[in-house]
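Participant: Prediction below, plus the sequence it came from.
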Amino acid sequence: MDTLSTTFQALADPTRRAILAQLAAGERSVTELAAPFDMSLPGISKHLKVLEHAGLITRSRDAQWRPCRLEPKALMTVDTWLDDYRRLWNERFDRLEEYLRELQAKPAHAKGQRKGKQNVRRRKK
């Protein structure tokens, strides 16, 4: 599986996203990370393994303490991928904004007309 897919797979789970949010505030132990969840430590550890495999976190060992820390560089792949779409949508919104300005600038009587043709209903005989 490619790096981007692995990262999105890790981010797909709300528990893992909540763990990342906690780590954004700084280094935490597994016990601290588990505290807000109604989940066993082995359950949290499974989530941490997925995050670690995706490169989103690193875990180390300092005697009995096992700190986890966020690796923000791993999110650069996602940011780069999203940036192409962000540019695309910004361009589309800019074109839409320009079109709406053109529509608003037209005189009121011209808004109901089509390119030189009057909007007249013909009666069937």
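Facilitator: Nice, thanks for sending it over. Numbering: from 1, shown residues only.

Participant: do you know how far the nearest residue to R69 once chain neighbours are set aside is from R87?
Facilitator: For R69, the nearest residue in space outside its immediate sequence neighbours is E27; the separation is 4.7 Å by C-beta to C-beta, 6 or more residues apart in numbering. Glycine gets a C-beta too; all of them are placed from N, C-alpha and C. Spatial separation of E27 from R87 under the definition C-beta to C-beta, to the nearest Å is 35 Å.

Participant: Which of those two has more residues huddled nearby?
Facilitator: When E27 and R87 are compared for neighbours, E27 comes out ahead with 13 against 10, by other C-beta atoms under 10 Å.

Participant: domains of this protein?
Facilitator: With automatic domain parsing serving as the domain definition, the record reports that the chain contains domains spanning 3-71, 76-107.

Participant: quick one, phi psi at R28?
Facilitator: Note on R28: backbone dihedrals following degrees, to the nearest 10 are phi -140, psi 150.

Participant: Kindly apply the preceding question to R66 instead.
Facilitator: Recorded main-chain torsions at R66 are phi -120, psi 90, according to degrees, to the nearest 10.

Participant: Skipping adjacent residues, who's closest to it in space?
Facilitator: Once chain neighbours are set aside, the closest to R66 by C-beta to C-beta, 6+ apart is V30, at 5.6 Å.

Participant: how about the one you found, what does it touch?
Facilitator: L41, I44, S45, L48, R66, C68 (C-beta atoms under 8 Å, 6 or more residues apart in numbering).

Participant: The same query, at a cut-off of 10 Å, please.
Facilitator: Neighbour list for V30: I19, L41, I44, S45, L48, R59, W65, R66, P67, C68 [criterion: C-beta atoms under 10 Å, 6 or more residues apart in numbering].

Participant: Determine which two of those residues are furthest apart.
Facilitator: Using C-beta to C-beta, the contacts of V30 span at most 17.3 Å, a distance reached by I19 and W65.
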